[in-house]
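Asker: build the 3D model from these lines:
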Amino acid sequence: MTDESAPKPSPKPAPRPGPRPGPRPGPRPGAARLRPAAPAAPAPTISTTDAAAQAAKFGRVADDGTVYVTDAAGERAVGQYPDAAPEEALAYYYRKYADLAAQVSLLEQRAASGAPAQDLRTAASTLAEQLPTADAVGDLPALVRRVDEVTSTIDSLAAEQAKAAEEARAQAFTARDKIVQEAESIADADPSSLHWKQSSARMTELFDEWKSQQASGPRLSKSDDHALWGRFRTARHKFDKHRREYFSKLDQHNAEAKQIKNKLIAEAEKLSTSTDWAATSAEYRRLMSEWKAAPRASRKDDDALWARFRAAQDIFFTARGKKDAEVDAEYAENLKVKEKLLESAEALLPVKDPAAAKNALRKIQDEWEEAGKVPRSAMKSVEARLRAVERAVQDEEDAKWRRSNPRGLERAEGALSQLDDSIAALEKDLDAAKASGDQHKVDKASEALSARRAWREQVVKAAHDFS
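Answerer: Predicted coordinates for the structure are as follows:
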């Protein structure tokens, strides 16, 4: 019910000039009466009549305008509201009670929602001090009980929040310790095995993660925070020191590599106009071996150095290639001669008469030497074809000698006789082993017999060669 719908109090006389006297606080032992602060605006949902009716349950207004409230200690004066109807005086002090009740309700709501226990405890302590002596009319003891209940709840909430805060600090410590451990791992790694670009980027990321944890995460104890930061700072300084040392050594290494390769380039460039083809080619092979054994410079420098070294070689080998082409053109006719000689030599195969083939081949070899050099590209192939014919003639000559060697034939026949005797004896041993049923002896005799028969086949083949 609103003020507009509430019953209207009797009209009061028009106010006199000057400020209208407001409600005054009730008497306090040992103190003069004080005028209270201006009344707060009434709650829009509580009419004067309703407020007065609620206040009448817990207080009264004396004839002199003094307002009293009954609480746990008995009846006590809360103030005066002179020159006003009792209903208006009670409504005023009930609204003050309603304000206190609203503060208690807000405290209960905040406690239920898990607001910070320290803030709640401060608010509850303030209300606990105000309520017993509040200048208000209403069920003040009920408000005191509600504050006491909330205070008990706050104690439990404080314990929960303290536990949660400790867990959050432990998690924050673990998160930061993880950052520190990774930073230490990077800082302790072998500088020669590190990928510096990636590692530097990761150290920057770890520092950003540290700042984010510090800004948004729970606060750690001062000792933990200082200890972790000290480790992290040490790891970063160590990493930076290793990086400076590594790149300083790398610069020195690059300088040495460039000095060595510049010296090789100077030699290569000096040889590039030489026409001593064989000796200079050997020198370039030596320089190439030294280049491969030399330390590498940075990729950019090494590529540039190699380009210069290769260019010097290209000058020489291009000139040599041109000269070889000219020589090959001169030797082309020699190649034709040797190809015809090869046709004559290969016509001797297969060799039937080694002596005749050897005589014919000797004439071909003499003409081969007189024909002269052939182009470099054909040299290996034509020489290989002639060597093949030479080997075939020689092999047939050797085979004929072995066949005509009486001593070899005698040795073959003697070996055959011995093997035949051994095979006969082993066959008897095998039959005896089978009769006895001893599988071990059977296997052993069979293996020995197979070996003797294989040897006999080889001797027979050798004897055939001698026959």
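
Asker: low-scoring pLDDT stretches of this protein, where are they?
Answerer: Applying pLDDT under 70 to the chain flags the ranges 1-45, 402-413, 461-467.

Asker: what ranges do the helices span in it?
Answerer: For the chain, the helices defined by DSSP state H cover 48-56, 86-112, 117-130, 140-188, 196-216, 222-271, 277-293, 299-346, 354-371, 376-403, 406-436, 439-466.

Asker: for E75, find the nearest of the ones you listed.
Answerer: Smallest distance to E75 across these (C-beta to C-beta): 12.0 Å, for helix 140-188. Glycine gets a C-beta too; all of them are placed from N, C-alpha and C.

Asker: for the closest one, name the packing helices and strands.
Answerer: Counting contacts by 3 or more C-beta pairs under 8 Å, 6 or more residues apart in numbering; DSSP states H and E, helix 140-188 packs against strand 66-71, helix 86-112, helix 117-130, helix 196-216, helix 222-271.

Asker: how big is the angle separating the fourth one from helix 222-271?
Answerer: I take that to be helix 196-216. 160 degrees (axes from the mean of the first three to the mean of the last three C-alpha atoms, to 10 degrees).

Asker: buried sites along helix 196-216?
Answerer: Neighbour counts over helix 196-216 (16 or more other C-beta atoms under 10 Å) mark 199, 203, 206, 209-210, 213 as buried.

Asker: if we can go back for a sec, need the winner for burial among the helices and strands packed on helix 140-188.
Answerer: strand 66-71 (a mean of 22; mean count of other C-beta atoms under 10 Å).

Asker: which other helices and strands contact it?
Answerer: By 3+ C-beta pairs under 8 Å, 6+ apart, strand 66-71 packs against strand 59-61, strand 74-80, helix 86-112, helix 140-188.

Asker: still on that earlier bit, of the helices of the chain, which is nearest A73?
Answerer: A73 lies closest to helix 140-188 among the helices of the chain, at 9.4 Å (C-beta to C-beta).

Asker: ok now the closest one, how far from the chain's centre?
Answerer: For helix 140-188, the separation from the chain centroid amounts to 33 Å (computed by C-alpha atoms, centre = their mean, to the nearest Å).

Asker: okay if I get the helices and strands packed on helix 140-188 as JSON lines plus distance to P350?
Answerer: As requested, the helices and strands packed on helix 140-188 are exported to JSON lines (distance: least, C-beta to C-beta, whole Å):
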{"stretch": "strand 66-71", "distance to P350": "139"}
{"stretch": "helix 86-112", "distance to P350": "113"}
{"stretch": "helix 117-130", "distance to P350": "112"}
{"stretch": "helix 196-216", "distance to P350": "70"}
{"stretch": "helix 222-271", "distance to P350": "51"}
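
Asker: and these: which comes nearest A53?
Answerer: helix 86-112 (8.4 Å).

Asker: helices or strands up against the closest one?
Answerer: helix 48-56, strand 59-61, strand 66-71, helix 117-130, helix 140-188.

Asker: now render these as a markdown table, adding distance to L348.
Answerer: Listed next are those as a markdown table, based on distance: least, C-beta to C-beta, whole Å:
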| stretch | distance to L348 |
| --- | --- |
| helix 48-56 | 141 |
| strand 59-61 | 146 |
| strand 66-71 | 142 |
| helix 117-130 | 115 |
| helix 140-188 | 77 |
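
Asker: sorry, back to before: now the helices and strands packed on strand 66-71 in a markdown table, with distance to G437?
Answerer: Below are those laid out as a markdown table (distance: least, C-beta to C-beta, whole Å):
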| stretch | distance to G437 |
| --- | --- |
| strand 59-61 | 128 |
| strand 74-80 | 127 |
| helix 86-112 | 99 |
| helix 140-188 | 73 |
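
Asker: of those, which is nearest K336?
Answerer: helix 140-188 (72.4 Å).

Asker: tell me what angle the closest one forms with helix 117-130.
Answerer: Using the same axes, to 10 degrees: helix 140-188 against helix 117-130 is 160 degrees.

Asker: hey, what's the angle from helix 140-188 to strand 66-71? Just curious.
Answerer: 70 degrees.

Asker: kindly calculate the angle that helix 140-188 makes with strand 74-80.
Answerer: 80 degrees.

Asker: what's D64 sitting at in phi/psi?
Answerer: Note on D64: backbone dihedrals following degrees, to the nearest 10 are phi -90, psi 10.

Asker: can you get me a residue count around it?
Answerer: The tally of other residues near D64 (other C-beta atoms under 10 Å) stands at 7.

Asker: wait, doesn't it sit right on Q80?
Answerer: Yes - when contacts are counted by C-beta atoms under 8 Å, D64 is listed as touching Q80 (7.3 Å).

Asker: list the contacts of A415.
Answerer: V459 (C-beta atoms under 8 Å, 6 or more residues apart in numbering).

Asker: quick check: buried residues in stretch 440-451?
Answerer: Neighbour-count burial for stretch 440-451 [16+ other C-beta under 10 Å]: 442, 445, 448-449.

Asker: now these as a markdown table including distance to E129?
Answerer: Shown next, in a markdown table, are the buried residues of stretch 440-451 (distance: C-beta to C-beta, whole Å):
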| residue | distance to E129 |
| --- | --- |
| V442 | 115 |
| A445 | 119 |
| A448 | 118 |
| L449 | 120 |
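
Asker: return the distance of the closest residue to F247 other than its chain neighbours relative to L419.
Answerer: Once flanking residues are discounted, F247 sits nearest to W196: 7.8 Å by C-beta to C-beta, 6 or more residues apart in numbering. According to C-beta to C-beta, to the nearest Å, W196 and L419 sit 77 Å apart.

Asker: ok, K241 next?
Answerer: According to C-beta to C-beta, K241 stands 83 Å off from L419.

Asker: related to what we said a few turns ago, surely the residue nearest to F247 and R244 touch.
Answerer: No - proximity of W196 to R244 does not meet the contact threshold set by C-beta under 8 Å, at 11.0 Å.
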